[in-house]
Structure formats: C-alpha cells, structure tokens
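Q: Give me a 3D structure for the following:
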Amino acid sequence: MIYTCTLNPAIDYRLEVDDFQLGKLNRATFNKFSAGGKGINVSLVLKALGLESIALGFMGGFTGIYLQQYLTEVHQLKNDYTIIKAPTRINVKLASKENTEINAVAPTVSREERDLLIGKIDQLTEKDLLVLAGSSIEADDNFYELIAKTCAKNNVPFIIDAEEENLRKSIVHKPLLVKPNIHELERYYKVTINDEASIVTHAKKLVQEGANHVIVSLGRDGAYYVSKTHVYRAKPVEGIALNPVGAGDSMVAGFIFGMLENQSPKESFKLAVASGTAAAFSYDLASQEAVETILPNVEINEVPYED
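A: Here you go, the predicted model:
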C-alpha cells in the first residue's frame, strides 16, 4: 500500500480580488476552500491516476474536522489521521494583479501525539511505500529524521519532498526519491546555479548523500533526473502555465505511478513531467486525461554521465 504523510496540512482559502488595495476594504470576486498539503496532493493525484493510497498526518480542532470530512466526502480519500489538540492551520492565497500568500504557523504537537503517528508508520513493511512531503510541525526534535529512521529500520521505501534541514537529516537514510526544485537545491547547498552542469553536479551530490533517484524541477524550464548511472533532461512542454501550486506534488505522484507500473526510470520521469505539466496548465491538480494528453509531447533527452 502507498501511504502519504502530511505533518502540517492546511485549509487553503483562495480569494480573488480584481485590484487589491492595501489598507482598504476589498471585495472578493471569488473564494474557495481546498485541501492544502504536499502529501495530500500526492494522494489526490495518485487517485486520479488510478492508484489508492492512505493519507497519514496530523489533524486538529474544528479546522481539522472540516478538512478530514472534505477529503473523505469530496475526494473519497482513504485516511488514518492522528488527531491532535492544536487546530489545523488555514493558509490564505490572495490572487489579484500580483499573487500573495500567507501561510499560518504550524501547530505544536505533543510527544504523545507524535508517538501515535510514529506507531502507525512503524507498522509499515517493505511491501509498502511512504511519501513524506511538505513542511514539518513544532516538535522537540527533527520529526522528518525520526520518520526516515523508522522507515529505514523496517526497510520501508520512502520518498522525501522537503526543504533544507528536513532533507539534510533524512537523506542519509537512503530515500527512494527526493524532488527539490531549483531554488531548494540552491538553498540546500548555499550556491547559485546558472547552468546544466551545475544542476547535474549538485543533483549527483544528493545521490552521493543517499538518494536513489533525484528529480530537480525547473518550473517552466523543464526538469532533470539523476541517479547513480543516468542523467536525463526533460524539455519544457509548450503551453500556458495557469497555476504552479501542486505541480511538484503531481510530479512525485507521476513518478510513483510509473515505478509501480514497472516502467523504467526514464519512462517514470517522463510520466512525472507530464503530471507536473498537467497541473501547471490547469487551476487544479493533474487529472488522468490531462496527463495522457500531455505525455506524447514530453521530450526526454539523455545527458552524458560523467564521474
């Protein structure tokens, strides 16, 4: 079974205002609540592609009750959330001439609540797969590292999609896949990356640190795949990017789908790029129909592998 873990989920509240004026009364022309959280997004895209998963993570307060009901009733998403006392956060996404996002503070999770989630993850086996994605919660230690250790102890393949310190402390436990975007890769190594050689060099460093597969997303400029033996580049697909939110999560889901369908890493990477592009070209996450439409237009080229 595939499991996704979102430690710090949210209700995303999107507001659209024609001409936002700071310090004045503004009236929205559109507003919408939706589920926020990278692991949740991966589960939703996997479901769209035809794969079931079970969503794990923390939910709390009236916002947590709403979000859990929304995912169950609207998306029929299987879940086994750990209930906490602190409320699930609400993030505000303001769309106007310029887009503005306000992400709320992560909830504090007690050691008892944390141990309940770790207990669930400790029951997974080598036949399962865990996707750990998104920001962490307020805890007295690095929770990402603890989950990665638990997976490694039980030979559970796991995927990490996280920034800086969470990735740094988890990658030594040999994740199946890590998927930084170009800006996250720069922050991780504290460098400025300006060309293909530098992208490949630093992605190879992630492989040396423990990752089996690395996908570096470049937004509208395509993506790179790096492993111990191969480097591939995906050219960008022509089209109009409408919404980058969830594109990276769709890439993770596409790669998982390919690997579980016994496709090669190259074909799985191609499916990942098609899934990410499908999300970027819509106002929602990737759908199966959109992925199948875009897939023939994804061009993957091999880059000579140099030690």
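Q: tell me the helices in the stretch 101-250 of the chain, going along the chain?
A: 111-121, 143-153, 164-170, 182-189, 196-209, 247-260 (DSSP state H, counting those that start in this stretch).
Q: average model confidence for the fourth one?
A: Put plainly, it is helix 182-189. Averaged across helix 182-189, pLDDT comes to 94.
Q: mind checking how far it is from the chain centre?
A: Centroid separation for helix 182-189 versus its chain: 16 Å, with CA atoms, centre = their mean, to the nearest Å.
Q: between it and helix 247-260, how many degrees?
A: For helix 182-189 against helix 247-260, the angle by axes from the mean of the first three to the mean of the last three CA atoms, to 10 degrees is 90 degrees.
Q: do the same with the first one
A: For helix 111-121 and helix 247-260, the angle between their directions (the same axes, to 10 degrees) works out to 30 degrees.
Q: Could you give me the buried positions within helix 111-121?
A: Across helix 111-121, burial judged by 16 or more other CB atoms under 10 Å covers 113-114, 117-118, 120-121. Every C-beta, even on glycine, is put in place using the N, C-alpha and C of the backbone.
Q: go on, the fourth one?
A: Applying a neighbour-count criterion of 16+ other CB under 10 Å, the buried positions in helix 182-189 are 182, 184-186, 188-189.
Q: Against which helices or strands is it packed?
A: For helix 182-189, the elements it packs on are helix 164-170, helix 196-209, strand 213-217, judged by 3 or more CB pairs under 8 Å, 6 or more residues apart in numbering; DSSP states H and E.
Q: and the angle for that helix with strand 213-217?
A: Going by the same axes, to 10 degrees, helix 182-189 makes 120 degrees with strand 213-217.
Q: quick revisit: could you tell me the least trusted of the helices of the stretch 101-250 of the chain?
A: Across the helices of the stretch 101-250 of the chain, the lowest-scoring stretch is helix 164-170, with a mean of 89.
Q: just checking, L15 is part of a helix?
A: No - the assignment for L15, made by DSSP: H, G, I helix; E, B strand; the rest coil, is strand rather than a helix.
Q: For the stretch 201-307 of the chain, which segments count as strands?
A: 213-217, 223-226, 231-234, 300-303 (DSSP state E, counting those that start in this stretch).
Q: Give me the three-state assignment for G57.
A: What three-state DSSP gives for G57 is strand.
Q: who's in contact with the closest residue to it other than its chain neighbours?
A: Counting by CB to CB, 6 or more residues apart in numbering, T6 is the residue found nearest to G57 once chain neighbours are left out, at 4.0 Å. By CB atoms under 8 Å, 6 or more residues apart in numbering, the residues touching T6 are 37-40, 55-57, 133-134.
Q: could I get those as JSON lines with neighbour count?
A: What follows is these, written out as JSON lines (neighbours: other CB atoms under 10 Å):
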{"residue": "G37", "neighbour count": "29"}
{"residue": "K38", "neighbour count": "25"}
{"residue": "G39", "neighbour count": "27"}
{"residue": "I40", "neighbour count": "28"}
{"residue": "A55", "neighbour count": "28"}
{"residue": "L56", "neighbour count": "24"}
{"residue": "G57", "neighbour count": "25"}
{"residue": "A133", "neighbour count": "25"}
{"residue": "G134", "neighbour count": "26"}
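Q: who touches stretch 201-217?
A: Contact partners of stretch 201-217, identified using CB under 8 Å, 6+ apart, comprise 160, 171-182, 185, 188-189, 191, 193, 199, 223-228, 231, 247-248, 251, 255, 265, 269, 272, 276.
Q: how does it look with 7 Å?
A: With CB atoms under 7 Å, 6 or more residues apart in numbering as the test, stretch 201-217 has contacts from 171-182, 185, 189, 191, 193, 199, 223-228, 248, 251, 255, 265, 269, 272, 276.
Q: Now do that stretch: distance from first to last residue.
A: For stretch 201-217, the first-to-last residue distance is 15 Å (CA to CA, to the nearest Å).
Q: Buried residues, it. List them.
A: 202-204, 206-207, 209-211, 213-217.
Q: quick one: the closest residue to I121 other than its chain neighbours and V191, what's the gap?
A: Excluding its sequence neighbours, the residue lying closest to I121 (CB to CB, 6+ apart) is T150, at 5.2 Å. Separation of T150 from V191 (CB to CB, to the nearest Å): 31 Å.
Q: More neighbours: these two, which one.
A: T150 (20 against 12; other CB atoms under 10 Å).
Q: OK, contacts around that one?
A: T150 is in contact with 118, 121-122, counting by CB under 7 Å, 6+ apart.
Q: Of the helices of the stretch 101-250 of the chain, which is nearest K32?
A: Nearest to K32, of all the helices of the stretch 101-250 of the chain, is helix 247-260, at 18.3 Å by CB to CB.
Q: who's in contact with that closest one?
A: Helix 247-260 is contacted by residues 2, 38, 41-42, 45-46, 49, 51, 131, 133, 159, 161, 177, 179, 181, 215, 217, 267-269, 271-276, 278-280, 285-286, 291 when judged by CB under 7 Å, 6+ apart.
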